[in-house]
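>>> With the sequence up front, the predicted model follows.
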Amino acid sequence: MLKIQRFACNMLNENCYVASDETKECIIVDCGAYYPEERQAIVDYINNNQLIPKHLICTHGHLDHNMGNDTIFEQYGLKPECSAGDEEYIVDLKKQGIEMFGIELNNQFPPVDHFFEENETINFGTHHLRIIATPGHSRGSVTFIDDEEHIAFTGDTLFNHSIGRTDFKGGSMFAMINSLRLLAQLPDNTRILPGHGTETTIGKEVSGNPYMDR
């Protein structure tokens, strides 16, 4: 059974998740840790629980979801993995900091480990996460799904009774609506672990989110 710890990070309260199972292997999803105390909290959690990080995976390439990639690389040797659709973002986080956030970063960010391939799965411990393309917030936005435990890491595609912005470069409301329709086909009891805010379920979103339908 997956054990998932959420960390609210940086000035945008981005959600970073560490997911592990009984084997002690774990993944880090969207490490947006910016402040030193946030970075240390994630490292302490992993080390204190004797976890073995296997993957640093990104739902998309925006800076607020990747500010802590350098810490994960320095501590565990992991480089980020993401969709090639967001290559322009993920390969130059410092430029993105200036252009999108107005901040100058001195971090030495690691290069991308690899870009996701079609029908690829993320494997760790006894678990497998299916990757599906869910563009809209960005061209390369993806969702990670554990079909056995009915869990979905949706990044900035689907939030609790809301959705991600589509007005950034590479965003598209048309693509977003199609992605939401795809997510709506998941079982109602699927836990949605979003990139910002509190978790929800597909059932709650289909019944109460004005952007969702079947």
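Yes, it's here. No experiment lies behind these values; they were computed from the predicted model shown.

>>> C-alpha coordinates for the longest helix seen in the chain, PDB please?
Ranked by residue count, the top helix of the chain under DSSP state H comes out as helix 36-48. Extracted in PDB, the C-alpha atoms of helix 36-48 (Å, rounded to 0.1, in the frame of the first residue of the first chain):
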ATOM      1  CA  PRO A  36      15.900  25.900   2.900                       C
ATOM      2  CA  GLU A  37      13.500  24.600   5.500                       C
ATOM      3  CA  GLU A  38      11.300  23.100   2.800                       C
ATOM      4  CA  ARG A  39      14.200  21.300   1.200                       C
ATOM      5  CA  GLN A  40      15.400  20.000   4.600                       C
ATOM      6  CA  ALA A  41      11.900  18.800   5.500                       C
ATOM      7  CA  ILE A  42      11.800  16.600   2.400                       C
ATOM      8  CA  VAL A  43      15.300  15.200   2.900                       C
ATOM      9  CA  ASP A  44      14.600  14.600   6.600                       C
ATOM     10  CA  TYR A  45      11.400  12.700   5.800                       C
ATOM     11  CA  ILE A  46      13.200  10.500   3.300                       C
ATOM     12  CA  ASN A  47      16.200   9.800   5.500                       C
ATOM     13  CA  ASN A  48      14.300   9.400   8.800                       C
END
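
>>> Show me what secondary structure element comes after it.
strand 52-57 (DSSP states H and E).

>>> what angle separates that next one from helix 36-48?
With axes from the mean of the first three to the mean of the last three CA atoms, to 10 degrees applied, the angle from strand 52-57 to helix 36-48 works out at 140 degrees.

>>> What is the neighbour count of E38?
Residues contacting E38 under the criterion other CB atoms under 10 Å number 21. In short, each C-beta sits where N, CA and C put it, glycine included.

>>> In this structure E149 contacts A19, no?
No: in this structure E149 lies outside contact range of A19 using CB atoms under 8 Å: 9.9 Å.

>>> okay, and the common contacts of these two?
Residues within reach of E149 and of A19 at once, by CB atoms under 8 Å, 6 or more residues apart in numbering, are 2, 127.
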